[in-house]
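> give me a 3D structure for the following:
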Amino acid sequence: MALVGKKFPNITVDAISEMGDNLRINILEEATKNNKKVLLFWYPKDFTFVCPTELHAFQAALPDFEQRNTVVIGASCDTNEVHFAWLNTAKNNGGIEGVTYPLLADTTRNLSKALDILDAQEVYDEESNDILVEGSNVTFRATYLIDETGKIFHESVNDMPLGRNVGEYLRLIDAYTHVQTKGEVCPANWEQGKEAMNADRLSTAAYLSQN
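Here you go, the predicted structure:
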């Protein structure tokens, strides 16, 4: 079920800082109380393969997100202890040493279930009369952009093997900020500094005639 246009779930989750401090983070409050946008990205597991490339890519772009008044937060279903071990593993050994944004530890899976991003299906076992879970029970590569009111203005979900393009999230934040500040809409392939449109037929026709 699409969550775009809705408030982000009001759920507080365990998390850890780069220094190993145990935290409790509520994404909705991060946005509304601090008057900031939030980029929340989920990855399947610590100590895996595509995942560290993404965490380092978001870290490299962190100044660009900060310039856009946007907080970056990573998330998986691993524990704080596993997160901290990975944070203390060198980059050249597959680790994420040098990552400075917080990491959610959704071990209860309360938030990932609410977002419906787990690779998990409940099945009934007639022999045991139990409900069993099939699948990896970890998250797909889901990404959420949340505005200062706590509203989700973008969501996307990649399958496990597909890494994200960090630059696209910067573009989406720029586009949404343009809509917020200028009241215009952003056409296909819009980038900061390019022409936008008014939300009417004449403006669309004029734009199409020039592009």
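> my guess is Thr53 is in a strand, correct?
No - counting by DSSP: H, G, I helix; E, B strand; the rest coil, Thr53 falls outside a strand, being helix.
> give the contact list for it.
Gly163 (C-beta atoms under 8 Å, 6 or more residues apart in numbering). For every residue, glycine as well, the C-beta is placed using N, CA and C.
> what about this structure, any weak spots by pLDDT?
1 (pLDDT under 70).
> try it again at 80.
1, 126 (pLDDT under 80).
> in it, mark out all the helices, start to finish.
Secondary structure of the chain (DSSP state H): helices located at 27-34, 50-60, 62-67, 80-87, 110-115, 166-182, 201-210.
> so which bits of the second one are buried?
If you call a residue buried by 16 or more other C-beta atoms under 10 Å, then helix 50-60 has these buried ones: 51-52, 54-56, 58-59.
> now that helix against helix 80-87, angle please.
Interaxial angle of helix 50-60 relative to helix 80-87 (axes from the mean of the first three to the mean of the last three C-alpha atoms, to 10 degrees): 70 degrees.
> ditto for the first one
For helix 27-34 against helix 80-87, the angle by the same axes, to 10 degrees is 70 degrees.
> show me what helix 27-34 is in contact with.
Helix 27-34 has contacts (C-beta under 8 Å, 6+ apart) with 7-11, 13, 36-38, 40, 71, 73, 111, 144, 146-150.
> try the fourth one
Around helix 80-87, the neighbours that count as contacts under C-beta under 8 Å, 6+ apart are 14-16, 18, 20, 22, 46-47, 52, 76, 78, 95-97, 99, 103, 105.
> among the residues you listed, which ones are buried?
For the contacts of helix 80-87, buried by 16+ other C-beta under 10 Å: 14-16, 18, 46, 52, 76, 78, 95-96, 99, 103, 105.
> mind checking which of those are in strands?
Members of those lying in strands (criterion: DSSP state E): 14-16, 76, 103, 105.
> and those residues, which is closest to Gln121?
Nearest to Gln121 out of those is Ser76 (C-beta to C-beta; 19.4 Å).
> could you list everything that closest one pairs with in the sheet?
Assessed by DSSP bridges, Ser76 has beta-bridge partners Ala105.
> now do the same contact list for it.
42-46, 51, 83, 103-106, 138-139.
> could you check how far the residue with the largest distance to the centre of the chain is from Phe153?
In the chain, the residue that sits farthest from the middle, by C-alpha atoms, centre = their mean, is Glu127; the gap is 39.7 Å. In this view, Glu127 and Phe153 are 46 Å apart by C-beta to C-beta, to the nearest Å.
> what do you get for Asp106?
22 Å.
> between these two, tell me which one has more neighbours.
For Asp106 versus Phe153, neighbours defined as other C-beta atoms under 10 Å are more numerous around Asp106 (25 against 18).
> ok, that one touching Thr79?
No - assessed by C-beta atoms under 8 Å, Asp106 is found out of contact with Thr79, at 9.9 Å.
> pull the CA atoms of stretch 118-131 into PDB?
The C-alpha trace of stretch 118-131 is given here as PDB (Å, rounded to 0.1, in the frame of the first residue of the first chain):
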ATOM      1  CA  LEU A 118       9.800  -7.100   4.800                       C
ATOM      2  CA  ASP A 119      10.600 -10.000   2.700                       C
ATOM      3  CA  ALA A 120       8.300 -12.200   4.700                       C
ATOM      4  CA  GLN A 121       5.100 -14.100   4.100                       C
ATOM      5  CA  GLU A 122       3.000 -15.800   6.800                       C
ATOM      6  CA  VAL A 123       1.800 -19.300   5.900                       C
ATOM      7  CA  TYR A 124      -0.300 -21.700   7.900                       C
ATOM      8  CA  ASP A 125       1.300 -25.100   8.600                       C
ATOM      9  CA  GLU A 126      -1.500 -27.700   8.900                       C
ATOM     10  CA  GLU A 127       0.700 -30.300  10.500                       C
ATOM     11  CA  SER A 128       1.800 -28.100  13.400                       C
ATOM     12  CA  ASN A 129      -1.200 -25.800  13.400                       C
ATOM     13  CA  ASP A 130       1.200 -22.900  13.500                       C
ATOM     14  CA  ILE A 131       1.700 -19.700  11.500                       C
END
